[in-house]
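Q: below are the sequence and a predicted model for it; my questions follow.
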Amino acid sequence: MTYTKWDEYLIHQTGEPIDRMAGPEKECFEYLYLYAHPMGEGPIVMAGLNVHPNANIMAGYGQVLIDNVQYNFRASRHLHHDRADMVIGPLSFEVIEPLRRWGFRLRENSMVPITFDLEFVGKAPVYATKEVHGPPDRGSTVPTQWRTIFQPGRFIGSLTVEGKRYDATGYFGSRDHSWGIRGINLGLVLENFVSAQFRHHSIFIWYQEDEHCNPIHTEGAIIWDEGKIAPIVKVEQKMTLEAGTRELSFAEVDITDSEGKRSKLTASKRLSRGMYARGQWSGEGFYQDFGPYHEEGERWDLNEQDTLLMLGKWLREAPCQFEHDGEVGYGFYEYAVSKKHKGYGPSL
């Protein structure tokens, strides 16, 4: 049991020191994710930070997609009982203004020729999901119990790829922040996570189905910049996917909010390829002990068919142009679907 400077503050919520989470499981986690993209052409950036206090691990990643080439950087280190030190080698994160502004940076590194220095600025209040509960995964004794906060925003800053600088000021995007206990695989065969921004409002959707096309989880909200939030209570979605690569070309989502109002959200892909989540840490990699410090990375050419087939089943973020109630907006449509799904599986 270790006591740190944070134990001097009156912020405890369990009988344990601050560096321990409520349960003993190594799957206890806290996670930050940021996604930044332009309205038109230009590189897309994703970055995230994950801590597993009970495993003494902090892991993070930075990714850039441009011209169908995806660059991935990953780093991991021992946590050393201080979650406030959000630095892993060249990758760092910073709370600039709570609930509104985050900074995140990737300096020059030996793995991939990308850097970024960006700041997220929220354009609307955060939206907190209800707590997710689920049974242990197959072969595990760990139940799922966690929640997420979501926030749409804009970005300030720049990035470089292969030595070329790109201005990212004015980029669209969002962030989410999750914590709790999360199993590796919940047995899902379809999952959507949608972030769409319009002039004065944003839409967030998190939706899951089982192999028989039955909804497992429906979560989301229509969030107005001035503060109004309309929770989404029902989602009916249809995706058009490319056989083999499973690339999204179009999606249509019927939304019902908590006041019974129905509306339609459509998504058309803007780029031929989306960002693949396999470039992040995945599964047990988030809390695997690689030693005091470890970094790795790779470059994927998404023009190569063999690469697309290798990545086919993995979660990905497709940059899209959206339309909602006659208004055009921008964002991403994150999705994963398995061949076990009775609706989409036969065509994959």
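A: Nice, I can see it. Keep in mind that what you see is a predicted model, and the values were worked out from it rather than measured.
Q: mind listing the residues bridging to residue 51?
A: Taking DSSP bridges as the rule, residue 51 bridges to residue 30, residue 58.
Q: look up phi and psi at residue 278.
A: Note on residue 278: backbone dihedrals following degrees, to the nearest 10 are phi -60, psi -20.
Q: check residue 79 too.
A: The phi and psi values for residue 79, taken as degrees, to the nearest 10, are phi -70, psi -30.
Q: so it sits against residue 57, correct?
A: Yes. Applying C-beta atoms under 8 Å, one finds residue 79 in contact with residue 57, separated by 6.0 Å. Bear in mind the C-beta positions are built from the backbone N, C-alpha and C, glycine included.
Q: quickly list what's touching both of the two.
A: Common neighbours of residue 79 and residue 57, using C-beta atoms under 8 Å, 6 or more residues apart in numbering, are residue 51.
Q: looking at those two, which is more packed in?
A: residue 57 (22 against 18; other C-beta atoms under 10 Å).
Q: what's the burial count for the closest residue to the more buried one other than its chain neighbours?
A: Excluding the flanking residues, the one nearest residue 57 by C-beta to C-beta, 6 or more residues apart in numbering is residue 287, at 4.8 Å. By other C-beta under 10 Å, 22 other residues sit near residue 287.
Q: any low-confidence regions in this protein?
A: Per-residue confidence for the chain (pLDDT under 70) gives these ranges: 1, 22-24, 135-141, 183-187, 282-286, 312.
Q: the helix or strand hosting residue 256: partners in the sheet, and parallel or antiparallel?
A: Per DSSP states H and E: residue 256 is located in strand 248-257. Applying DSSP bridges to the sheet, strand 248-257 is found paired with strand 229-241 (antiparallel), strand 262-269 (antiparallel).
Q: and stretch 159-179, how far out from the chain middle?
A: Relative to its chain's centre, stretch 159-179 lies at 13 Å (C-alpha atoms, centre = their mean, to the nearest Å).
Q: stretch 43-57 now?
A: Distance, stretch centre to chain centre, for stretch 43-57: 10 Å (C-alpha atoms, centre = their mean).
Q: got the end-to-end distance for that stretch?
A: Using C-alpha to C-alpha, to the nearest Å, the end-to-end distance of stretch 43-57 comes to 30 Å.
Q: then stretch 68-84?
A: 35 Å.
Q: so for it, what gets flagged as buried?
A: 69, 70, 71, 72, 73, 74, 75, 76, 77, 79, 81, 83 (16 or more other C-beta atoms under 10 Å).
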